[in-house]
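curious how this folds, go ahead:
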Amino acid sequence: MKSNLHKRLVLIISLGLAVWLAGIVVTPVLASNSWPLGRKVAAFMYFFYKPVCHQIPGRSFCLDGFTLAVCVRCFSFYLGGLFITLACLFKGKIRLWPLTTYILMAAPAFLDFVLEKFNLYTNIDLLRLVTGLLLGIAVFQLLLVSFSTSTTKQGTESLT
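You can find the predicted model right below:
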């Protein structure tokens, strides 16, 4: 019973992330549309995503001449979350990783942020993409583990 509950929860998180990511990608498509309502919906969606991202155009992927609703790092963060939730769903298990794994996955994003904040270098989209993916995988995997209330002796929760 509990494993079915966990499986449904992971499925809901996966679907939520898929919808969230779809909104991010659909926004520039609507913005580039000649249909006035599409442009208004896109303007609302840019506004909707603004609280979670700075939306700096130079740090965002473009589609149809318009930027995605969030920057590269935010987009890849959610994409990493979707990857790990789907992996846990298909693998059927959620287990806690060693603390060093989480630290090693989060450290590149933190280091990248700090170095750029102090103007020690300017990062590139590929680096933002990779650091966002790693951070998203680590954060969402830890989130899944925290939602899992019962574990076996090995720290593994079966979803089957």
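
residues contacting the residue sitting nearest the centre point of the chain?
To find the centre residue of the chain, average its C-alpha atoms and take the closest one (Cα atoms, centre = their mean): that gives Y78, at 1.1 Å. Neighbour list for Y78: L17, W20, L21, I24, V70, G136 [criterion: Cβ atoms under 8 Å, 6 or more residues apart in numbering]. Bear in mind the C-beta positions are built from the backbone N, C-alpha and C, glycine included.

for F90, same thing?
Residues touching F90, when contacts are defined by Cβ under 8 Å, 6+ apart, are absent altogether.

next: R8.
By Cβ under 8 Å, 6+ apart, the contact list for R8 is empty.

give the contact list for the nearest residue to E116 once chain neighbours are set aside.
Of all residues beyond its chain neighbours, the one nearest E116 is N123 (5.5 Å), with distances taken as Cβ to Cβ, 6 or more residues apart in numbering. Applying Cβ under 8 Å, 6+ apart, one finds that N123 lies in contact with D112, L115, E116.

distance check, the last one against R73.
Looking back up the chat, that one is E116. Here the distance between E116 and R73 works out to 11 Å (Cβ to Cβ, to the nearest Å).

more neighbours, the two?
Set side by side, E116 and R73 give different neighbour counts by other Cβ atoms under 10 Å, the larger being at R73 (25 against 14).

what's the overlap in contacts for E116 and R73?
When contacts are counted by Cβ under 8 Å, 6+ apart, E116 and R73 have no shared neighbour.

run through the strands of the protein in chain order.
Listed from the start of the chain, the chain has strands (DSSP state E) covering 62-63, 66-67, 93-95, 156-158.

about what we covered before: how near is the residue nearest to the centre of the chain to L68?
Computed as Cβ to Cβ, the Y78 to L68 distance reads 11 Å.

same deal with I137?
Computed as Cβ to Cβ, the I137 to L68 distance reads 20 Å.
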